[in-house]
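A.B. asks: A structural model of the following input is requested.
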Amino acid sequence: MAQLERIGVSLDKRLLSMFDGLIARQGYQSRSEAIRDLVRRQLSEERLGDPKAKGVAWLLILLLLIFSQLRSGRWTKSILRRLEVI
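C.D. replies: A predicted model of the protein is given here:
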């Protein structure tokens, strides 16, 4: 694991109570774990908000789908040619 740094976070009591409820429902072991997960998720969503990143993600999904279908024998090369994939 990367070196951790401590930070301080101030929340009002109501928000902290709601956050603790989220932690309990999601099964986090600590507030720190939940905060790290939320920060990672927000950063990922921000990257995917970039139209270029979405295009790359969709292309990767499409290629993985095609590869899995070819390996399973469900799609033939003639079908892919008609779809102008190859």
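A.B. asks: any idea how the chain splits into domains?
C.D. replies: The record's domain split for the chain, according to automatic domain parsing, is 11-48, 51-86.
A.B. asks: where does this protein have its least confident helix or strand?
C.D. replies: helix 77-82 (a mean of 63; mean pLDDT, DSSP states H and E).
A.B. asks: Helix or strand: which one has residue 41?
C.D. replies: For residue 41, the element it lies in under DSSP states H and E is helix 31-48.
A.B. asks: what helices or strands is that helix leaning on?
C.D. replies: If contacts are counted by 3 or more C-beta pairs under 8 Å, 6 or more residues apart in numbering; DSSP states H and E, helix 31-48 sits against helix 13-26, helix 51-72. For the C-beta atoms, the positions are set from N, CA and C on the backbone; glycine is no exception.
A.B. asks: Nearest to residue 38, out of these?
C.D. replies: Nearest to residue 38 among those is helix 13-26 (9.0 Å), distances taken as C-beta to C-beta.
A.B. asks: Perfect, I'm done here.
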